[in-house]
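[1] here is my input, please return the structure:
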Amino acid sequence: MSDKKRLFGTFGVRRTANDVLTPEFASRLAACYGTLVKGTVAVGGDTRTSTLMLKQAVTAGLLSSGCDVVDLGILPTPGVQYAVRKYYDGGVMITASHNPPQYNGLKFLDEDGIGIPDEMDIEIERLYFDAEPDRVEFHEIGQLYQNNEVIDEYVDEAVSKVDVDAIREANLKVVVDCGSGAGCFTAPYLIRKLGCDVTTLNSQPDGFFPGRNPEPIEENLQELIHVVKELNADIGLAHDGDADRTICIDENGSFVLGDKTFTLVEKQMLKENNGGTIVTTVATSQAIYDVAEEYNGEVIATAVGDLLVARKLKDENGLFGGEENGGLIFPDFVYGRDAVMTVAKILEIVAKEKKPLSELVAELPVYYASKTKIECPDDEKEFVMASIAEEIQTTTDFKLDLTDGVKILKEDGWVIIRPSGTEPIFRCFSESDSQQKADEMTEWGLGLIKKYKK
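    As a prediction, the model looks like this:
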């Protein structure tokens, strides 16, 4: 048996709904997971049109393997992770996160609410393809329960972790764009509970995502940017489809990159806790390291994937973690990217520091990034990476980090060349002290890939 995954990506299974991701597929996969968990499993979903169908199928598969199922309704992925960590033996979230409307997916969780480890992915695939899941006797079929309270509890616990009085006194004007996703059920309520004046965009759940594409990148958030400026708001906030990522727009209508948000919250967390362990991926900004050095923090870098960051935070008893895409992880709340706590924390920082968001961001260490990608067949990826690593080692004195792909550390910045786990491409990121240098570094990185690609 090879240990190459046949179905799972970096976190769960994501496919187009009802051609690959049919009820039969979802039900069998859930039964394979249920065979390994044998306990009470929470099930939640996002707002996609195919979610209800798949949720019923997942529930049936779990019940048939002897698990009890608790239906949490429609809520953010971290809401399910929160519930599982507190109350249940496992969980399944039905979501395709930021993908277009025709996609859906299944994210399986362990008892801590962290995405299941690779070994479990592979064991589920083995049951799915090469064996059979347990189908229990008629008198052992599981029971189905509802829990509609957990979503409010999840929001209220986030509120309890910040200084609500300070936020209320700051009288902040907030515009939130939920992208018609699962954040519709949490974000507007959270912001109101924090005593802010809230204006909502795309905050009616709709699986066709009529207002904007669910990925919170700058080109999809033009309406939010416009409304922030028109209303003279203090901040704009946007979520992806399953509300585990948060992107900020400052009071001038400028798009704030995810790694800036990460660095801002990191700085605050380290100040409040007199230091601590920060976990991020090898593709995140040097600013994370600079802030850690200044505020008595230590940084651990993992391969790319929020699941790996979450697991490392648990193992190392870390203080805070996240990725450069706006996915921040507060391990004392949820072991996964979480937008509720992120929003509460950012509003608290703006309120307490009594400075506009643009100024808070301007105070952070400044680096310039460049991101690009290039096609490369999956079967050539290993050779390309090995060849690049060998060339760098034999012809330069640059440092290498091979945690995930090839990261080349130069004196004035770094470039990382890493293969996508889901498509036949390499991603090439770089960072330096000027935009020109960053752009030149990604060009150099692409050149190295082209050199060894057939």
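
[2] got any ranges where the stretch 251-400 of the chain has weak pLDDT?
    In the predicted model of the stretch 251-400 of the chain, no residue satisfies pLDDT under 70.

[3] got the residue ranges for the strands in it?
    255-256, 276-281, 297-302, 320-322, 328-329, 368-375, 399-401 (DSSP state E, counting those that start in this stretch).

[4] now tabulate these in a markdown table and tack on mean neighbour count.
    Heads up, the C-betas are built off the backbone N, CA and C, glycines and all. Formatted as a markdown table, these follow (neighbours: other C-beta atoms under 10 Å):
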| stretch | mean neighbour count |
| --- | --- |
| strand 255-256 | 20 |
| strand 276-281 | 24 |
| strand 297-302 | 19 |
| strand 320-322 | 29 |
| strand 328-329 | 28 |
| strand 368-375 | 16 |
| strand 399-401 | 13 |
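
[5] mind checking how far the residue nearest to residue 78 when sequence neighbours are not counted is from residue 347?
    Among residues not flanking residue 78 along the chain, residue 338 sits closest, at 3.9 Å (C-beta to C-beta, 6 or more residues apart in numbering). Between residue 338 and residue 347 the computed distance is 15 Å (C-beta to C-beta, to the nearest Å).

[6] and these two? Which one has more around it.
    residue 338 (32 against 27; other C-beta atoms under 10 Å).

[7] next, the contact list for that one, please.
    Residue 338 sits next to 76, 78, 81, 82, 244, 328, 329, 330 when contact means C-beta atoms under 8 Å, 6 or more residues apart in numbering.

[8] kindly report the same for residue 268.
    345, 348, 349.

[9] okay, now residue 198: neighbour count?
    21.

[10] how about it, secondary structure?
    Taking DSSP: H, G, I helix; E, B strand; the rest coil as the rule, one finds residue 198 in the strand state.

[11] ok, the closest residue in space to it that isn't next to it in sequence to residue 47 distance?
    Counting by C-beta to C-beta, 6+ apart, residue 198 lies nearest to residue 191, which is 4.4 Å off, once chain neighbours are set aside. For residue 191, the distance to residue 47 equals 19 Å [C-beta to C-beta].

[12] and if you look at residue 325?
    Distance, residue 325 to residue 47, by C-beta to C-beta: 20 Å.

[13] which one's more surrounded, the two?
    Neighbours were counted for residue 325 and for residue 47 using other C-beta under 10 Å; residue 47 has more, 27 against 24.

[14] tell me the pLDDT of the more buried one.
    Looking at residue 47, its pLDDT is 98.

[15] now swap in residue 26 and tell me
    Each residue has a pLDDT score; the one for residue 26 is 98.

[16] mind listing what it touches?
    With contact taken as C-beta under 8 Å, 6+ apart, residue 26 is in contact with 54, 57, 58, 61, 106.

[17] average pLDDT for the longest helix along the chain?
    In the chain, with assignment by DSSP state H, the single longest helix is helix 435-452. The pLDDT scores in helix 435-452 average 97.

[18] about what we covered before: where's the residue nearest to residue 78 relative to residue 80, distance?
    Taking C-beta to C-beta, one finds residue 338 at 11 Å from residue 80.

[19] what does residue 144 give?
    Distance check for residue 144 against residue 80: by C-beta to C-beta, it reads 16 Å.

[20] neighbour count: those two, which is higher?
    In terms of neighbours (other C-beta under 10 Å), residue 80 is the more surrounded of residue 144 and residue 80; the figures are 31 against 13.

[21] can you pull the contacts of the residue nearest to that one when sequence neighbours are not counted?
    What sits nearest to residue 80 in space, not counting adjacent residues and going by C-beta to C-beta, 6+ apart, is residue 44, at 4.0 Å. Taking C-beta under 8 Å, 6+ apart, we find residue 44 in contact with 71-75, 77, 79-80, 83, 91-94.

[22] name the helix or strand for residue 44, please.
    Element membership of residue 44, judged by DSSP states H and E, is strand 40-45.

[23] do residue 86 as well
    Using DSSP H and E, residue 86 maps to helix 77-87.

[24] name the residues that touch that helix?
    40, 42-44, 46, 70, 72, 90-93, 95, 97, 107, 109, 111-114, 147, 150-151, 154, 157, 182, 186, 242-244, 333-340.

[25] out of those residues, which sit inside helices?
    Those of those lying in helices (DSSP H): 150, 151, 154, 157, 339, 340.

[26] narrow those residues to those that are buried.
    Among these, those buried by neighbour count (16 or more other C-beta atoms under 10 Å) are 150, 151, 154, 157, 339, 340.

[27] which members of those residues are the farthest-apart pair?
    For these, the farthest-apart pair by C-beta to C-beta is 150 and 339; their separation is 16.0 Å.
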